[in-house]
Structure formats: C-alpha cells, structure tokens
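**Q** Predicted model and sequence follow; I will ask about them next.
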There are 4 protein chains.
Amino acid sequence: MIKVGIVGGTGYTGVELLRLLAKHPNARVSVITSRAEAGIPVSDLYPNLRGHVDLAFTEPDVDSLGQCDVVFFATPHGVAQNLMPALIATGTRVVDLSADFRIRDAELWARWYNQPHGCPELIDQAVYGLPELNREAIKTARLVACPGCYPTAAQLALLPLLQQDLVATDNLIVSAASGATGAGRQAKVGMLLTEISDSFKAYGAGGHRHLPEIEQALHDMQPAGSDPAQVTFVPHLLPMVRGIHATCYARAKDAASLPDLQALFEERFLDEPFVDVMPAGSHPETRSVKGSNMCRISVCQPQGRDTIVVLAVIDNLTRGASGQAVQNMNIMFGFDETEGLDVVALLP
Amino acid sequence: MIKVGIVGGTGYTGVELLRLLAKHPNARVSVITSRAEAGIPVSDLYPNLRGHVDLAFTEPDVDSLGQCDVVFFATPHGVAQNLMPALIATGTRVVDLSADFRIRDAELWARWYNQPHGCPELIDQAVYGLPELNREAIKTARLVACPGCYPTAAQLALLPLLQQDLVATDNLIVSAASGATGAGRQAKVGMLLTEISDSFKAYGAGGHRHLPEIEQALHDMQPAGSDPAQVTFVPHLLPMVRGIHATCYARAKDAASLPDLQALFEERFLDEPFVDVMPAGSHPETRSVKGSNMCRISVCQPQGRDTIVVLAVIDNLTRGASGQAVQNMNIMFGFDETEGLDVVALLP
Amino acid sequence: MIKVGIVGGTGYTGVELLRLLAKHPNARVSVITSRAEAGIPVSDLYPNLRGHVDLAFTEPDVDSLGQCDVVFFATPHGVAQNLMPALIATGTRVVDLSADFRIRDAELWARWYNQPHGCPELIDQAVYGLPELNREAIKTARLVACPGCYPTAAQLALLPLLQQDLVATDNLIVSAASGATGAGRQAKVGMLLTEISDSFKAYGAGGHRHLPEIEQALHDMQPAGSDPAQVTFVPHLLPMVRGIHATCYARAKDAASLPDLQALFEERFLDEPFVDVMPAGSHPETRSVKGSNMCRISVCQPQGRDTIVVLAVIDNLTRGASGQAVQNMNIMFGFDETEGLDVVALLP
Amino acid sequence: MIKVGIVGGTGYTGVELLRLLAKHPNARVSVITSRAEAGIPVSDLYPNLRGHVDLAFTEPDVDSLGQCDVVFFATPHGVAQNLMPALIATGTRVVDLSADFRIRDAELWARWYNQPHGCPELIDQAVYGLPELNREAIKTARLVACPGCYPTAAQLALLPLLQQDLVATDNLIVSAASGATGAGRQAKVGMLLTEISDSFKAYGAGGHRHLPEIEQALHDMQPAGSDPAQVTFVPHLLPMVRGIHATCYARAKDAASLPDLQALFEERFLDEPFVDVMPAGSHPETRSVKGSNMCRISVCQPQGRDTIVVLAVIDNLTRGASGQAVQNMNIMFGFDETEGLDVVALLP
C-alpha cells in the first residue's frame, strides 16, 4: 500500500483522483492540499465522497508531501514548476497532471503559456505519460508529465497512421470537442450553464495551448528523421459535463497502397488495456467511456477517397487526466496497469 | 459464487444490473434473455460493456433460468407474473424489478395497471424489497418485489416521521421529479431529446401507478391501527438522464412538541449503509448519487411553521431499481449488504 | 413613440428587454446603462442583438434617464432604491424589475434582504405589477414594482382559488422549479454548467426571499378580512436555461361543494391576453412558453380527494421579468397590452 | 396577402413554418395537411401555437393545395416527388424543404436515397434555393428546392473562398455538428434524450446524403471549368435541440498571396440580410442564431499556415429549413426579403 499525496485537490481532476484512488487496492491518499480550503473536509465540497474519503484539505507542505511515495499535481500550470525542485529532492515520485512539464522546449512552453518556465532544469527528467507511446520510460520515471485531454485523444487516434508513415503530416486536421469540465471549476461567466447550455461553438481556433503538445508527441511517433507533423487543431465546447471527441482527418500518402486500416488499428492496440478499436462502421459515443479510462476509436476512409477519418472518444477527466495519471502510477510502481481503473462506464 | 439470470436485459435496468454485477465478487451473470435481441452480444447494444460482459442475449427459457441461484426480472409489468409459477417451482429465488408483485391487493393492482393480475396466488409470498423496512423478511424471501423508483425515494423520506407518528397522514404531499431513464428505452415521440430537453413538466398529476405502492408502504410504517396514509403525488419529468428528487411535505400533528428532526433522521438511519442524512441546511443534489446506491436526505421545518419538508435524492436506475435489486440479493444470500455497491457516485 | 431607458442592461433581464423592445412599434430604447461596460456596444455582449440594437452602454445618469418617458430597472436589489427619489422627481415613470418596491412593509423587506430599505418614503407609491390583479392601478402608476418570477407563477396559479375563498390558506404549498437564468449572469461556481447540468436540487428550502412577496399578493387576493395566507415555498434549480414551473397544492375548504374547477379557471382568465388555461387533463410544459409572455395553467383534483393541484408555467425572463415589464409599460401608456409581446414561443 | 399551403405539417419544419408565417404580414396559411393527424387542431400537437394558429390538419388534397399561391413541402424525401406533377399543373408555386429536387443528377439522387427518383422530368425546373447563390433564378422559379441544413452552413462558409478560387478543392473538410431536431420527430430509440443527452458522436462518417448536395453547390460556386470540389463531410450529433455548427478546413492554393480574408468575407456578404460576418477573432455560437434566419460566420488562418478555417452557425430549423423557405417565398413573390424573418434570436 503506497502513500499518495495530491496537490490542488479542489478542482475536478482532484475529485476524480479521489474517486478512483478511494477504491484502489494498492494506494491510499494520505495528504490532499488546498490553500483556499485548508481545514475543510473534502466531502464538504464533494458530497459524492461522503463515506468514502475522510480527509480534510491541508496547506501544501513539502515535508508532508515528501513522505508520500507519489505526489499528483492537480493544479493549474505554473504551480508544479515552483514546488518541483524541493519535492523531487525528497525522493518522492511525481505525476504532474498540469501542463508544466509536457513540452520539452522551455522557450516554446514560455511562448504558449505567456510566462517563463519556472524549472527548466527538470524538464529533461520528465517522461510524457502516454502509456501507449512511452510505457518503458514511465516505469522508471521520477517525474511523469501527464498528457492533456485533447492531446490524449488526438495522439491515440493518429498513432497507428503516423508510426506506419501512411499519411501526409504537413496538413493534419484535429477537429475536437470537449465537455465543460475541461475548463475546470473556476467561476467564469463564460462557463455558466446559462451561457453554454443548448449551444455549441469553437474556441481558440487561432491557436490553443494543446497544439504544440499534440505536435511534439506526433513527431515522436513518426519514423526517425521525418519532418515534424503540422496540425490544424480546432477545439469546440460541448453543452455537457464530461467527454472529448476527436475527429481527425489525415490524407493518405498513397491511397492506392493503404493497408487494411481496421486491421492496422486493431493490431496496434491489441494488447492495450485502455484502447478499444470499435468494429468497422462504428461511431464511438463519449457516453460509452463516461467515468472510465478507456479510449474508443473508429477509423474509416469515406468514399474510398484519400482522406482518412479517425474518431476517438475519451472521458476528459478520466483518460484525459486523473485516470491516465493513475494508470501511470500503476506502471511506475509495478502494479497491474488496470488496478483501480477496471470500471464499467456509466451508461446511460 | 452464485449464478444469476436476468430476464429482459435490453432495457436500462438490465444494463445497470450488468454494470453492477460485472464487478460483484460473489455473483456471476450466466443467462440474460431478450426475445427481440436473442443471439446478439450484450455489448453490441451497450458499448460500455465491451470487455466487461461477454454474454449474448438468449430466448427466455425456464430451464436455463431455473439453474440460476437467483433470477432478476427487468421487464415491463405483466411479464414476471406469467413466468413466475414455473420459475418459482424450480426452487430458484427471484428479485422482480417490475411492478408485478409490489401491491398486496390484486384488485387494486388490476385497477391501476388495467389488466387482471396474472398470478395472484404468489402475491402473498412476495416481500416488498425496501431493506430499511423489511430487511428480516428479505433474508428468507423466495420472491422479492423491488420498490419502484419514486416509491423508494418517497418512502425513505417519510419513514422516520411516520414510524414516530409525528405528522398528519390524511394530506401528505410528494412532489417528485425524475430523469428520463425512468420511462425506459422505448421509442416514443414524447421521450425524444427534442421534446423534453430544456423543458420541464408534470405528468400523471391526476393519478400515477406509483401512488398505491407509496401509500401501501407508508401504511406499513405507521403505528398499528392507524388510518392509511393518503398521499397527493405529482411526478415531473426532468431534462436529464438519471436521478430522482422527492420533495415531501408533511404537517406536524403537534408542531410545538416535535423532537429535533435532524437528530431523529440521523438516528433512524445511523446503521443504514445506503441512506445518508445530510447536515442541517443541506440540499441534496441528484448528481451526488449518480451511479450509486445511496439515498441522501435532508429535513427542515421552514419558518418554524408546522409544515415539515423532507428532500430525498436517489439514482432511479441504481437505488431506484438495479442497485436496490443487488442490495436485496446480497441480503437474501447472506453477502455483505454493500458487496458490489460500494462505488463512489460520478461527480461531476 | 416613447423614449425608454434601461438601467443595468448587462444582465439577462436587460438583454431580454432589448430583444422585446427592438420590435415594439411604440417604444424606442434611447439609453442603456452599465457602469462596468460603459462605452461597449450592447451587441458585443449579446451577439443576437447584432443588426437589431445599435446602442452602447453608458454610465447611469439621472439627467439622461430623466429625459425618457419610462425607465426600466434591470438591476440587483438595492440599486433602484438609491436612484429612485431623484429619478421620480424628473417626472419619468418607472418600471422596476428588481425586488426593491415589491414589499409594502419596509421592515419585512429589510429582514429578508439583510439591509435597511433605502427609500421607504416611495414604497406607498409603488403598484405591484401583476396585471391580472392590479390592472387599473397600473394605468396611472408612476412606479410599478414588477413581480418576481416565482411569485408571478404561484400567484396566477392560486388566484381563482383564493379570490373565491375555496381553499384553506394556512397551509398552501408551492413547489416550484426554475431554469438557471433565474440566478442571473454572475460568475459563481455554483451556477457553472459543470455543477448543475444533468442534476436537480432544491435550494432555499428553509426560506427564500420570494416567500413574503408571494404571501403579500395572495393576501391581496383573499376576501377582505381573511387571515393572511401562509405558504410553504420550496424552489428547485432545473438543469436548463429558461422556464419556471410551479406545482401548487391547496386543500379545499369543502371538497363536497367545490365548483367545476376547470370552468372556474377558464372564466377567471377568459379576457386575459397572457394567461392560457389548458384543457382538462393537460400538463403545461415550460418549453411551450419559451420566449413568450404567456402563462399556461392546468388544474386538477387527484383521486377526487380534497387536495387541489394547480400547475403553472412561465418563461422566467419573459413573463417572469422583462415581458411582464413591457406588459406593464403598455398598460401605463395606453398601448394595446399585447404590443411587442405577440410572439409565438420557440418550440421545439 | 397570399394563400399558403403546407404539406406535412406535423414535423419540426412544419411547426417552424407556422411559427414564422403566423406573424408574416403578406402571407396566410390556409391549408396544412397530415394524413396521420387529419382533423386534429394544430395547436393540440404544438401548444406554443395556441392562440396563434386556428387551423386543423387535413388530408393532403391537390385541389385545395392548388388554390394556394404557394405550397411548402415539409415532408420526408419521396413525398414531394409524387405530388409534384399534379400540383405544378395547377399553377401554384412550390417551395420544397425536402431533398427531392436538390440534386440535378437523378441517378446520383437515386444512389444516395436508395430509390428511383419519382419525378425526374421536373428536376430541371427546380432552382436550388440558396439566395446568396441563386437569388435571380429564385425570383421566377415555379419550384424551389430548399437546401439542406448542413449544406446551407457549409456552402455559405466556403462561398467566398470558392468564388475567388483561393483554395484547393480536392480536399475540403466539413466537420459539422447538429442539434437533434435535425433528425426530425420520428420515434426512434437512437434519438431519445436518454440515448443522446450528455454525449457526443459522429454519424454517417462513411457517407451522408448531404455530401452530393454540398459538392454540387460548391461546384456551382467555382470558376467555370474547375474540377468539381471534393469534400470530406463528417456530421456529428449534439446533445441539444437546435443549431448547426460547421467547421470547414480548406488549404490555400497559395498562402503567400492570400487576400485579407476578413475583408473578403465582409465584402462578399455586405448586402446579404441573413449572413453576418463576425469580427476577426470571434467564434460564433449556435445560440446566437436560435430561432433566427441569420448565418454567422468567422474566418481565420491559424498560425499563419496554409489551412484556412471557416466557422459558420445557423439554426437548422430556421435558416437550415423553414426560415430559408420563407426567405425564398419572399423572393419569389417580391416581398421584402426579411419580411416575417426580422426576429431577434432567443439568447440566453
């Protein structure tokens, strides 16, 4: 039974970590911090945890966090960077759900996040925590940078095509949509039910912070020496709570000699516990993964033309954040990768 | 490990049973029937079950059902009645989620359901499966009639007041609202998203089939010899998927000598694993029980006047149907009552 | 063509006034104020007004407001009180959508709104703007206090019963539910889509500010000399944008001698342009009044027992606020009462 | 005042026609047909029409329809084809909202709609009713084929780019999403609130009937002699009632020499009453056009790369069907094009 700390437990990824870890057979949350809510029982904020979690929030403190075997950061970007040097020095291992250590180029990070990177010296040690891409490195990582929600869906959707070098990479399209929990739990007019319910819109069409992260991991998938993939990424806001849907469009380099795409995807993900390739002709629904760590994928080639369409759904809070974080923890500590994550999605 | 059969597995209570039983340590579903879908894998209808349930639907058949230790009926009313004599004769025990055996008066049943009761001779053997009221009888029951969704919420809300004889029972008000899964999975224009989303209405205000069921169990709670409770029950349809909220209004017999209501409720439900009395001043939300078997309750006495308000929330598919059915199974077979049901509600 | 001013135009009742007045044949909005957004075109905040409203927000200023024929206050409580003496002195007439002048007892107001009343000397001049109750007085009023959203629905529902003295008034129940626009456009965590979508709850069960307002108008309806009506009022929050549904329960004084309730309601509202008594057995839906000033009502007497149920729906922003404000303006200025309000509700 | 007939008035495009025409100053609906509901008052089905529309449904009948100045078909495909020869022979003019006369190639139509075309001889006479493309021809048309909902949004979005020949047309991407009213009012399990609320999915990714229609009109926009545009079109189902959002991706032929896209779009639509080009950097929301005939469009060029993104929103029932039908009627009969359509969208 390992000891777990959570920094920044009041947001949605925090409560999702608690939901999942409350039933994990090998891990026990012993510290959960929040400056704003210090002293308050967690279940006062989240009544679903009544009877399951007895902790109260505490002030963040390196000493008590350092006594944990693993610490999750469920904080906005910029927070983990500042605590990381002191925390890593204690020997504890870290799973960072924020964007702080996802981008290997500190200047690129600084440009997209409008602030200098606070801890560039540790970026090298961070492993990008997409298990399907980096499972071996995750096993021994001291610091895992959990992928963002959109990147997780887009990268899994495009992985088989890029690894096999089947599509043009100068013009990939990721048209994606997220439930409103993707924006967190801050009080903003723009996220009121009255503003976004029964409506749909794009946002960040001119440039979204997940773009460089998507492109970096896609490049990692491409054959060595390839030109970096260029993506047009347009996120959209869905009038619902949980779920991401990525619709990816890629142009075959040579449509005439494409392999069987269904077989390609099924084989690539055959041994992956958290990727489900749907039968040919299927359209995955976000509700089919609600509360679960599964990513469901379909692939097709409309009209037999040379544009390939890949559809991928995840729960943004589970596979797109806290579930994948637990999956990474399982890999880091040698637990069965599905431990604590073997739940059936809530449908209907 | 007991063997479980499910009759009528294509509806929402069917898939909810499968979701819960898939992770139950002491039970394994071995038969699931559906005339319409015989031969089809369950996970074709419900993609959330892919990887968790390998069964296919079969034709209903007393022989194979009779080899189960327990059979759940997740059917419309009228179906269980017809199969029951043959099935009970095999010695298997039954948990009926339908309305067939909830009402002890066969004529009253016939009047509300517009058809003669098909198996009046077995009504006597049926135990009404509200554990908080009938736990002892459930332990040895051959046939448990699971309460309806509205009745479960209303009865738990009013239980402490009626058992202590604190309120007038000639004029109880149950103003309740349900998510759309309460209407099942039939193709009806009136249940299209386009008809009920972003709207709210009452239905059945002139008389709803759950009324006699509510009144019967309330009478069971009253001190012996009391006049039967009379309820005005108005159900409403919520533009959402899961959840029931009951707002109950009861008039104190003697407002001046009422005990501390908060303490009364907390004490009554202290040992109940699936009733959570919220702190004074709380308002339970349906989302706080989504996917869980918990009923959360608050009580207050507005303005110190003599009308008491009790608020109760359940998930209509879990505590209001399949979860309570599993709870009954646990009691019947001597398992820990929370086995398979110790899940954290999905919030947000 | 009268000149209209609007104080506090950034909220939902403000934009709703603009939507309705943009097409009013006899009125033209010439001033719309907002301290926070002064200088910003209205259509920057509300893109639906692009091409329909060319105004920009200005600082509130008594001089320019005083040049209007009528000024609407679409402000939180406490604002109108402070501007009112100076504004009324200019001779302009006022329709106040806020709660400032609804309660005739300044001390009662102070208790429920947690602050002393800022302008008790003008309370006497205010006419409570429920046209079905006070049409004559509205015609000549200098200051109309528009009813709150819940009170409008509850009062119209109970009006025929109270005027005819048919029900006990010591124990009226108003169980009501509102779309989220009822809470305005403030950035609050509790009103995020992620917090209230796909869920339902009561709030303010122990006491809501609309209670004294409901009771005051009900008393006005009762025969002279009656004891004041006592109401138990529980509001609920619906996971949707617009709409209020009131389910009212009243006990017949003498069930045996009740008149035909359907006929009673139809006759009482026969000449009312904005009350629609639905056919017997109907259940009004909130969507049937979306964007319209209509109140639809049904009445029934379940099981022929002595509890009468009245169902009423309105659009909280239209009939519950801005539409009723325009209706009051029409009455005050001698326009046809339906001018600018003769729109078909948006269904589906 | 012209006389209007509506064939197939029970669906959502039928009720939307009634909503719009009820307030049209130059048109009066005199016949509305429905085989299934003949004899039933329209307002029994649609309570929002109570007090606005007094008609009852009648059996479809060429004689009474032929006495109308214009007949709208609000029917599923296949119906208008059969009635058209007899109806056109009466001299009445027709606006067909169905897909029957949108495709000029009868064999292509037959392939996508899985049935032979029932009236190929009249296809030539049909004018495709996108006013921005075909206004002149519409004026004198006897038969207007109203565009589909997705095609309307996609075609308006791409119109300026294609007319100016600025983008590669062998690889256009239309990633679009629709509210559930797009599927009509048929009782289908797949359209229940319980199946599609709080979820999102693509459908018809392998091929949707709107694809050939989109491509045909795009070809009409291209400079003479161009190769026909090829589109990859993936529609998605939104958990909401009304609204279409099209996200279109097109690759600049020569990114270095592109004109100012914002200016290009603003100029192209300057005189169009029902296209609103939003300010640079905007993201149109579907709610900003709810109940209105407006199409709002934004254009951008992310990262200055060579993929252009155009966002367009419409209300699928108004601009995507009945509103555009009325706009066509206005053009055909020489009314002001905005007559009956000058409404403010319902926001919030």
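**A** Structure's in. What do you need? Numbers count the residues shown, from 1 in each chain, chains lettered A, B, ... in the order given.
**Q** What ranges does chain A have for its helices?
**A** A:12-21, A:42-45, A:62-66, A:79-89, A:106-113, A:131-140, A:149-163, A:193-196, A:210-221, A:261-268, A:323-332 (DSSP state H).
**Q** Endpoint to endpoint, stretch A:75-84 covers what distance?
**A** 12 Å (Cα to Cα, to the nearest Å).
**Q** and the residue nearest to A:Gly148 when sequence neighbours are not counted, how far is that from A:Gly204?
**A** Once flanking residues are discounted, A:Gly148 sits nearest to A:His210: 4.9 Å by Cβ to Cβ, 6 or more residues apart in numbering or on different chains. All C-beta spots, glycine's among them, are computed from the backbone N, C-alpha and C. Look at A:His210 and A:Gly204: by Cβ to Cβ, to the nearest Å, they are 9 Å apart.
**Q** And those two? Which one has more around it.
**A** A:His210 (23 against 16; other Cβ atoms under 10 Å in any protein chain shown).
**Q** wait, doesn't that one sit right on A:Phe233?
**A** Yes. Between A:His210 and A:Phe233 there is a contact under Cβ atoms under 8 Å: 6.7 Å.
**Q** Residues that sit against both of these two, list them.
**A** A:Tyr150 (Cβ atoms under 8 Å, 6 or more residues apart in numbering or on different chains).
**Q** thinking again about what came up before, look up the residues that both of A:His210 and A:Gly204 are in contact with.
**A** A:Pro235.
**Q** Redo the helices of chain A as CSV? Include mean pLDDT.
**A** Shown next, in CSV, are the helices of chain A (pLDDT from 0 to 100):
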stretch, mean pLDDT
helix A:12-21, 98
helix A:42-45, 95
helix A:62-66, 96
helix A:79-89, 97
helix A:106-113, 98
helix A:131-140, 98
helix A:149-163, 98
helix A:193-196, 98
helix A:210-221, 98
helix A:261-268, 98
helix A:323-332, 98
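**Q** D:Val313: which of the ones you listed is closest?
**A** helix A:193-196 (13.9 Å; Cβ to Cβ).
**Q** Please export the C-alpha coordinates of that closest one as CSV.
**A** This file holds the C-alpha atoms of helix A:193-196, laid out as CSV (Å, rounded to 0.1, in the frame of the first residue of the first chain):
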residue,chain,number,x,y,z
LEU,A,193,-24.9,26.8,-17.7
THR,A,194,-26.9,29.8,-18.9
GLU,A,195,-24.1,30.7,-21.4
ILE,A,196,-23.2,27.4,-22.8
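**Q** List the buried residues for that helix?
**A** Within helix A:193-196, the residues that count as buried by 16 or more other Cβ atoms under 10 Å in any protein chain shown are A:Leu193, A:Thr194, A:Glu195, A:Ile196.
**Q** Count the residues that sit near A:Val313.
**A** Neighbours around A:Val313, by other Cβ under 10 Å: 33.
**Q** got it, and A:Gly334?
**A** 9.
**Q** separation between the residue of chain A most remote from its centre and A:Pro302?
**A** Distance to the chain centre peaks in chain A at A:Ala256, reaching 34.7 Å (criterion: Cα atoms, centre = their mean). Distance of A:Ala256 to A:Pro302, computed by Cβ to Cβ: 16 Å.
**Q** Check A:Val144 too.
**A** 37 Å.
**Q** Who has more neighbours out of the two?
**A** A:Val144 (30 against 19).
**Q** Find the nearest non-adjacent residue to that one, please.
**A** A:Val144's closest residue in space is A:Gly129 (Cβ to Cβ, 6+ apart), at 4.1 Å.
**Q** correct me, but the one you found touches A:Asn328?
**A** Yes. Using Cβ under 8 Å, A:Gly129 is in contact with A:Asn328, at 4.4 Å.
**Q** and for the two, which residues touch both?
**A** Between them, A:Gly129 and A:Asn328 share the contacting residues A:Val95, A:Ile138, A:Val144, A:Cys146, judged by Cβ under 8 Å, 6+ apart.
**Q** Need these in a markdown table (columns: distance to D:Ala312).
**A** Formatted as a markdown table, the shared contacts of A:Gly129 and A:Asn328 follow (distance: Cβ to Cβ, whole Å):
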| residue | distance to D:Ala312 |
| --- | --- |
| A:Val95 | 41 |
| A:Ile138 | 42 |
| A:Val144 | 41 |
| A:Cys146 | 35 |
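**Q** among those residues, which are in strands?
**A** A:Val95, A:Val144 (DSSP state E).
**Q** which one of the shared contacts of A:Gly129 and A:Asn328 sits closest to chain C?
**A** A:Cys146 (20.2 Å; Cβ to the nearest Cβ).
**Q** Could you tell me how far the residue nearest to A:Val144 is located from A:Gln186?
**A** 25 Å.
**Q** Looking at those two, which is more packed in?
**A** Neighbour tally, A:Gly129 and A:Gln186, criterion other Cβ under 10 Å: the higher count belongs to A:Gly129, 29 against 11.
**Q** Can you check the pLDDT for the more buried one?
**A** Per-residue pLDDT puts A:Gly129 at 98.
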